[in-house]
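# Structure here, sequence nowhere to be found:
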C-alpha cells in the first residue's frame, strides 16, 4: 500500500484531521480526553489540554463576522453554530431553532464550520520559514502606526512565553535560568505584542552579557508599580557598561515602562518598572464554556478576571473582592441571577457595583427594574461584550 500523501501547507486539511477537530470540539471541557487526544501533539501543545482548548477557541473566534452582521445572517452562521453547539452545549435541534433554519441545514452548515476551523488549525500547524529580520527604522514605523494606547494586561504569561523564546540561547551559553513568578496575575500597562518583544529583547541582552552560572528573572507585584528584575554576573568588574538596544528602549517607553541597568562591579541587573492598572470583572455563571469564552474575550483587555460557578460563591466574591464590574447569568441552580441581583443591590458594599446581566432569557426590562446596569443576550458577541463593559463604567 503506498504511503499516504502529506499535504503541502497550501493544501486543505485531510479528512482525518477534520474529524479530529470535531472530536475535540465535542469534548472541549473533558480534560482527560483532551490530554490523550492526538491533536494535542499536532498543535504543539503536548499533553497540555488548556493549550489545545485555547487553540481551538482561537480558531472558532477567527470566524467571528464582526460588528454589524445580524445574528442570523449567513456570514455569521458558522461562528454562532460553533458557539451555540460546542461552547453553549446546545443540541443541533436547539441550535437550528435559535438560528431559524432547518435541522438539515444546521447539520450541513455545522460541518462546513468545522471544516473552516480545521483549515485554520491546519494552516497554523504547518512549518513556516523564518521571516526576515526587521530594521530599526521599520520597527519604529510599526510603533508609529500602533493604534490606541497600552492597556492593563497580565504580564505573567508574557514573561513565561519570553522565557520559552530565549531558552535555547540560555542552553547554548550554559546558563541556568532561575525564575520567580507569582501565581496571581501581575497587571501592568502594556500592549501584548510589544511587551513580549521588549521582554525577549531584555532577556536576550542579559544572556549575551552574562558569564556566571545562572541568570535570575523575578517578577514582583506591587502597588502602584510592579517590577521585572533580570540579574546576572558579568565577566569582570572592569567590564564596560554596555548599552541596551535603543529600539527595545523605545518600545518600552511607548508603553510607559521604565528600564534601568544597575551596575555594581560584576553584578548587573536590568530593572523594569511596570505601571500597574486594571479593574476587576467578576463573571458569575455555571456554564464553564461561556465563562471560558468571556475570559478569552478579555484576554487582551484592561481587566483582571475572577469567576464564580454558583450564586453563593458569586455573592461572596462580590463582597470580599470588591470587583469593579459583575457579569451575571440568570439561569443557575439553587439561586438564579434575579435573586443574586436583588441581593447585590441590598448590600451597601455592592449596591453601586455595575452589574451586566448576560442570559439567553430575553428580559432586559426586568433586569433594568432590578438594578442591572446593562443586559446582553446570549450568544454574546465579543464587540457587544466589550462595549457593555465600557458603557457600564470600566475601566474608570
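That came in fine, so what should we check first? Quick caveat, the model's predicted, so the values are computed rather than measured.
# what's the burial count for the closest residue to residue 93 other than its chain neighbours?
Counting by CB to CB, 6 or more residues apart in numbering, residue 93 lies nearest to residue 103, which is 5.8 Å off, once chain neighbours are set aside. C-beta here means a position set from N, CA and C on the backbone, and glycine is covered the same way. Using other CB atoms under 10 Å, residue 103 has 14 other residues around it.
# And for the one 3 residues further on?
Close neighbours of residue 106, defined as other CB under 10 Å, add up to 23.
# quick one, what contacts it?
Residue 106 makes contact with 81, 92-93, 95-96, 99 under the criterion CB atoms under 8 Å, 6 or more residues apart in numbering.
# Narrow these to just the buried residues.
Neighbour counting by 16 or more other CB atoms under 10 Å classes 81, 95-96, 99 among the contacts of residue 106 as buried.
# thinking again about what came up before, could you report the distance from the residue nearest to residue 93 to residue 29?
Distance of residue 103 to residue 29, given as CB to CB, to the nearest Å: 25 Å.
# Show me what the strand or helix carrying residue 157 is packed up against.
Using DSSP states H and E, residue 157 maps to helix 156-172. For helix 156-172, the elements it packs on are strand 176-180, helix 192-209, strand 214-220, judged by 3 or more CB pairs under 8 Å, 6 or more residues apart in numbering; DSSP states H and E.
# and the angle for it with strand 214-220?
Following axes from the mean of the first three to the mean of the last three CA atoms, to 10 degrees, one obtains 180 degrees for the angle between helix 156-172 and strand 214-220.
# Show residues contacting helix 156-172.
Helix 156-172 is contacted by residues 176-177, 179, 181-182, 185-186, 190, 192, 195-196, 199-200, 203-204, 207-208, 215, 217, 219, 228 when judged by CB under 8 Å, 6+ apart.
# Which of the buried ones among the contacts of residue 106 fall in strands?
With DSSP state E as the criterion, strands contain none of these.
# got any ranges where this structure has weak pLDDT?
Scanning the chain for pLDDT under 70 picks out 1-12, 41-50, 66-69, 123-152, 223-224, 236-242, 276-278, 300, 302, 393-396.
# mind checking how far the spatially most central residue of it is from residue 184?
By CA atoms, centre = their mean, the chain has its centre lying nearest to residue 299, at 3.2 Å. For residue 299, the distance to residue 184 (CB to CB) stands at 17 Å.
# and the contacts of residue 106 as a markdown table, adding distance to residue 314?
Formatted as a markdown table, the contacts of residue 106 follow (distance: CB to CB, whole Å):
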| residue | distance to residue 314 |
| --- | --- |
| 81 | 30 |
| 92 | 31 |
| 93 | 31 |
| 95 | 28 |
| 96 | 32 |
| 99 | 30 |
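# Among the residues you listed, which lie within helices?
81, 92-93, 95-96, 99 (DSSP state H).
# Tell me the one of those nearest residue 290?
residue 95 (14.9 Å; CB to CB).
# Correct me if wrong: that closest one contacts residue 86.
No - look at residue 95 against residue 86 with CB atoms under 8 Å: they stay out of range, at 9.9 Å.
# Surely residue 203 is in contact with residue 217?
Yes - Residue 203 sits in contact with residue 217 when judged by CB under 8 Å, with a separation of 7.1 Å.
# Now do the shared contacts for the two.
By CB under 8 Å, 6+ apart, residue 203 and residue 217 have these common neighbours: 163, 230.
# ok and the longest helix along the chain relative to helix 92-99, angle-wise?
Using DSSP H to define each element, the chain has its longest helix at helix 103-125. If you take the same axes, to 10 degrees, helix 103-125 sits at 100 degrees to helix 92-99.
# So which bits of helix 103-125 are buried?
Neighbour counts over helix 103-125 (16+ other CB under 10 Å) mark 106, 109-110, 113-122 as buried.
# Name the helix or strand for the nearest residue to residue 37 once chain neighbours are set aside, please.
Computed as CB to CB, 6+ apart, the closest residue to residue 37 that is not its neighbour in sequence is residue 24, at 6.1 Å. Of the helices and strands defined by DSSP H and E, residue 24 is found in helix 15-26.
# Report the distance from the next helix or strand along the chain from that helix to the chain centre.
Later in the chain than helix 15-26, the nearest helix or strand by DSSP H and E is helix 31-36. Helix 31-36 sits 21 Å away from the centroid of its parent chain (CA atoms, centre = their mean, to the nearest Å).
# From residue 210, how far out is residue 235?
Applying CB to CB to residue 235 and residue 210 gives a distance of 9 Å.
# what does residue 226 give?
Between residue 226 and residue 210 the computed distance is 23 Å (CB to CB).
# what do you get for residue 168?
From residue 168 across to residue 210, the span is 15 Å (CB to CB).
# ok, back up a step: how about the buried ones among the contacts of residue 106, which pair is most distant?
Farthest apart among the buried ones among the contacts of residue 106 by CB to CB are 81 and 96. That separation is 9.3 Å.
# Next, the contact list for residue 350, please.
Shown in contact with residue 350 (CB under 8 Å, 6+ apart): 318-319, 326, 344.
# Quote the end-to-end distance of stretch 23-39.
For stretch 23-39, the first-to-last residue distance is 9 Å (CA to CA, to the nearest Å).
# Run through who's touching it.
For stretch 23-39, contacts defined as CB under 8 Å, 6+ apart pick out 20-21, 40, 47-49, 52-53, 56-57, 82, 85-87, 114, 117, 288-289, 292.
# Now, these that are in helices?
Per DSSP H, the subset of the contacts of stretch 23-39 in helices is 20-21, 40, 49, 52-53, 56-57, 82, 114, 117, 288-289, 292.
# what's the most distant pair in those?
For the ones in helices among the contacts of stretch 23-39, the farthest-apart pair by CB to CB is 20 and 288; their separation is 22.1 Å.
# Comparing those two, which residue is more hemmed in?
Shown here are residue 20 and residue 288; by other CB under 10 Å, residue 20 has more neighbours (19 against 14).
# And the closest residue to the more buried one other than its chain neighbours, how far from residue 315?
Closest residue to residue 20 apart from its sequence neighbours, by CB to CB, 6+ apart: residue 39 at 4.7 Å. Residue 39 sits 39 Å away from residue 315, going by CB to CB.
# which SS state does the closest residue to residue 210 other than its chain neighbours fall under?
Spatial nearest neighbour of residue 210, chain neighbours left out: residue 232 (3.7 Å); criterion: CB to CB, 6+ apart. At residue 232 the chain is in strand, as set by DSSP: H, G, I helix; E, B strand; the rest coil.
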